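Novice: this is a predicted model, with the sequence first.
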Amino acid sequence: MRLSRLALLLVFALPLAAHASETPAEHAANIYAQQEIDATPLHTNLPDYSLTPDELTKSQQLSKVHVTMHFVSEAWDIISLLLLLWLGVIAWMRDTAVRLSKNRWAQGFTFLLLYLVVGTLVSLPIDLYEQHLSLAYGLSVQSWGGWFWDMAKGLLIGWIFGGLLVMLGFWLIRKFPRTWWLIGWGFSIPLVVFVIFAGPYVNYAFNTYEPLQKNNPQLVAQLEQIVHKTGMDIPPERMYLMKASEKVTTLNADVEGYGASKRVVVWDNTIAKATPDEIMLIFGHESGHYVLGHIEQTVPFVLVLIFISLFLGYHFIQWCIRRFGAKWGIPDQGDWATLAVLFLAFSLVGVFTEPAESYFSRVHEHAADVYGQEVIHGLVPNPQATTQGAFDVLGKVSYSDPNPSPFYEFWTYSHPAVGRRAAFGKAYDPWAPGMEPKYFPKQ
């Protein structure tokens, strides 16, 4: 039921809190527009993204497993929820919560806790295998104890904040039985903004941070050049080093939060494995998301998805209660067990909206790639070589497949494929005679 739980987080916008955090699988993505590559001079002296035979074999094996696991996980999320409904497990959770207390708050939090615990156990075999795979390929170095502890913390945070949302949702259902979904959507609007703002603070529960100035003042000075060039208001005291090496071997640098919570985060793996120029490129890319207004554009996009999910979820609940209510032990939409039916609706909707979400993300990531390469012009000796080198190291560290399945790219990739990003970086030179940069006019 992993996707069911993620659907709850999606509908209340929690994914935005981790907007810039890439997993190993997210280092790969879709094809760049060929005409944009063809329109720029090629730097043929720069090597394309390539892997050694051993690295290529690993990347292809990992890619095949990721494809299989992705769709198996989506199917299992839906099937497992249906089984829990048909076998009466969801009804048992409701009965247990009601039997333990007559207080609605106690009932709601008890039901959600049982649901999250059972859902975690149901999805645990898949989660265990994915972590085993990450360890086997050297993408993760986290101990099993630490991995389970992170899972427990995530469950606790989800239970506390999710419980508040559940109580609000069922209050709306009782007060506004026909329009609760629309009013709930209205409540989600400020919540989306709050989640983006609070994201950096939630991250402290899972990662260790130190002031970047303390560890690498020279890098801070270099990143400040980009901050000044882009006009972002991020002083050195809001630049941090994240000790990602405690858990993973992959690389990243990002800009998190919004307003007063906005900050720069550079992973220690990135400092260890990438050059300072390449780190500037990665940071320039992340800066592009903010300067180009991608957060502001993503908020309405997510709100549209929330609207669709809640609208369809409402009608799906009515149909399920009429058709299966007696079998599932759910008499009406005000019953706690209805929550599982709503999550089932979110899971089904998520399957069909995934390509649109992926495409929307890829468009932003490509724009940020262009912005990142342009912003480091004049700050590094060779922007093309720096960009190609950054994607080369990102791809090799993550064992990104140079030739991923076109269908899998289209359906799931949130970023353009690393190989194509490297090729674009090698080719893109808008500062050449007769060319014009997109975001930074020639001086």
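Specialist: On my side now, so go ahead.

Novice: make it CA atoms for all contacts and neighbour counts henceforth
Specialist: Will do.

Novice: my read is L155 is in a strand, agree?
Specialist: No - going by DSSP: H, G, I helix; E, B strand; the rest coil, the assignment for L155 is helix, not a strand.

Novice: how many other residues sit next to it?
Specialist: Residues within reach of L155, counting by other C-alpha atoms under 10 Å, total 16.

Novice: let me know the secondary structure of the closest residue to it other than its chain neighbours.
Specialist: Nearest residue to L155 in three dimensions, chain neighbours excluded: L116, at 7.1 Å (C-alpha to C-alpha, 6 or more residues apart in numbering). With three-state DSSP as the basis, L116 sits in helix.

Novice: one more: the one 4 residues further on?
Specialist: Each residue gets one of three states, and T120 gets helix by three-state DSSP.

Novice: quick one: it from V202, how far?
Specialist: According to C-alpha to C-alpha, to the nearest Å, T120 and V202 sit 20 Å apart.

Novice: who has more neighbours out of those two?
Specialist: Neighbour count, other C-alpha under 10 Å: between T120 and V202, T120 has more, with 18 against 15.

Novice: what's the pLDDT at that one?
Specialist: T120 is assigned 95 on the pLDDT scale.

Novice: tell me the spacing between E74 and G154.
Specialist: 20 Å.

Novice: among the two, which residue is more densely surrounded?
Specialist: E74 (18 against 14).

Novice: doesn't that one fall inside a helix?
Specialist: Yes - looking at E74 with three-state DSSP, it is inside a helix.

Novice: wait, it sits on F352?
Specialist: No - shown here, E74 and F352 do not form a contact pair, counting by C-alpha atoms under 8 Å, at 11.1 Å.

Novice: S400 and A198: what is the separation?
Specialist: The value you get for S400 to A198, if C-alpha to C-alpha is used, is 31 Å.

Novice: next: M232.
Specialist: 19 Å.

Novice: the two - which one has more neighbours?
Specialist: Set M232 next to A198 and count neighbours by other C-alpha under 10 Å: A198 wins out with 17 against 14.

Novice: isn't the more buried one right up against S261?
Specialist: Yes - assessed by C-alpha under 8 Å, A198 is found in contact with S261 at 7.3 Å.

Novice: please enumerate the strands of the stretch 101-250 of the chain.
Specialist: Assigned by DSSP state E, counting those that start in this stretch, the stretch 101-250 of the chain shows strands spanning 209-211, 239-242.

Novice: please state the offset of the helix or strand hosting Q61 from the chain centre?
Specialist: Assessed by DSSP states H and E, Q61 sits inside helix 53-86. Here helix 53-86 is found 17 Å from its chain centre; the criterion is C-alpha atoms, centre = their mean, to the nearest Å.

Novice: who does it touch, helix- and strand-wise?
Specialist: helix 2-11, helix 104-136, helix 294-328, helix 338-375 (3 or more C-alpha pairs under 8 Å, 6 or more residues apart in numbering; DSSP states H and E).

Novice: with only the CA atoms kept, save the very next helix or strand once past the longest one in PDB.
Specialist: Next along the chain after helix 338-375, taking DSSP H and E as the criterion, comes helix 383-398. Backbone C-alpha positions of helix 383-398 (Å, rounded to 0.1, in the frame of the first residue of the first chain) are rendered in PDB as follows:
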ATOM      1  CA  PRO A 383      30.700  25.600 -19.400                       C
ATOM      2  CA  GLN A 384      30.200  22.800 -22.000                       C
ATOM      3  CA  ALA A 385      33.000  20.600 -20.500                       C
ATOM      4  CA  THR A 386      31.800  21.400 -17.000                       C
ATOM      5  CA  THR A 387      28.100  20.500 -17.800                       C
ATOM      6  CA  GLN A 388      29.100  17.300 -19.600                       C
ATOM      7  CA  GLY A 389      31.500  16.300 -16.800                       C
ATOM      8  CA  ALA A 390      28.800  16.900 -14.100                       C
ATOM      9  CA  PHE A 391      26.300  14.700 -15.800                       C
ATOM     10  CA  ASP A 392      28.900  12.100 -16.500                       C
ATOM     11  CA  VAL A 393      29.800  11.800 -12.900                       C
ATOM     12  CA  LEU A 394      26.200  11.900 -11.800                       C
ATOM     13  CA  GLY A 395      25.300   9.100 -14.200                       C
ATOM     14  CA  LYS A 396      28.300   6.900 -13.400                       C
ATOM     15  CA  VAL A 397      27.800   7.200  -9.600                       C
ATOM     16  CA  SER A 398      24.100   6.200 -10.000                       C
END
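
Novice: show the average pLDDT along the helix or strand immediately after helix 383-398 in the chain.
Specialist: Proceeding N to C from helix 383-398, the next assigned helix or strand is helix 406-412, under DSSP H and E. In this model, helix 406-412 has a mean pLDDT of 92.

Novice: helix 406-412: how far from the chain's middle?
Specialist: 16 Å.

Novice: before we move on, what about stretch 411-424?
Specialist: 16 Å.

Novice: what of stretch 369-377?
Specialist: 23 Å.

Novice: show residues contacting it.
Specialist: Contacts of stretch 369-377 with the rest of the structure, by C-alpha atoms under 8 Å, 6 or more residues apart in numbering, involve 226, 229-230, 280-288, 383-384, 387, 421, 425, 437-440.
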